[in-house]
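1. using only what follows, build the 3D model:
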Amino acid sequence: KPELTLQDLRELLLDNEVTNFDPVAEAFKVYDPEGTGFVDHKVLRDMFQNLGFGEVTDEDLQILVETGDVDQDGKISLSDFRNMLDFNKAQVAAQEAADLEREQQEAEREALREAQKAQAGEGGEGPAEPAEPAGPAEPPEPAEPAEE
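-> This is a model prediction of the structure:
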């Protein structure tokens, strides 16, 4: 049996599907199991029902499709799916930025309250008194000679 060379391995890996891996396209396959290029309505209905949303009527399904159908062709394509994810990422990023801003403002308010308490003398014991500077160290006493 011939040995696999480094060059053989390199050529195999270059054509490997992993080098062109598209996680969004892979996720889309769950919604398009027949490979039609569009979200399967039955899969979408079943998914929402399995998530606990109860019975999904035809009207509910139409609303779901209209919501995800960015190019308004009546179907959710891979491109529409990508746009939905990008839109959600932008919403999440905006929410995270707003949360961070709120946390920073709260931290600043808390620091201001603490500073005001310290000025008013309500901060417990107040600022600590500075320690007395240490004087020059006294030389150690000479050791007694050991008895023999």
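
2. so residue 59 is in which element?
-> Assigned by DSSP states H and E, residue 59 belongs to helix 58-68.

3. what helices or strands is that helix leaning on?
-> helix 41-48, helix 78-120 (3 or more Cβ pairs under 8 Å, 6 or more residues apart in numbering; DSSP states H and E). All C-beta atoms are positioned from the backbone trio N, CA, C, and that covers glycine.

4. so where's this protein uncertain?
-> Applying pLDDT under 70 to the chain flags the ranges 1-2, 15-20, 87-92, 122-148.

5. if we use 80, what do you get?
-> Along the chain, segments meeting pLDDT under 80 span 1-4, 8-21, 85-96, 122-148.

6. tell me which residues in the helix holding residue 59 are buried?
-> Using 16 or more other Cβ atoms under 10 Å as the test for burial, helix 58-68 gives 60, 64, 65, 68.

7. now stretch 44-61
-> 44, 45, 47, 48, 56, 60.

8. and the contacts of that stretch?
-> 31, 41, 64, 65, 76 (Cβ atoms under 8 Å, 6 or more residues apart in numbering).

9. if you drop the residues flanking it in sequence, what lies closest to the last one?
-> To tie it back to what came earlier, the one meant is residue 76. The shortest distance from residue 76 to any non-neighbouring residue, by Cβ to Cβ, 6 or more residues apart in numbering, is to residue 39 (3.9 Å).

10. OK, contacts around the one you found?
-> 28, 31, 32, 65, 68, 75, 76, 77, 81.

11. wait, isn't the third one in contact with residue 40?
-> Looking back up the chat, that one is residue 32. Yes. Residue 32 lies in contact with residue 40 (Cβ atoms under 8 Å); the separation is 5.9 Å.

12. of the helices and strands packed on helix 58-68, which is nearest residue 23?
-> helix 78-120 (9.9 Å; Cβ to Cβ).
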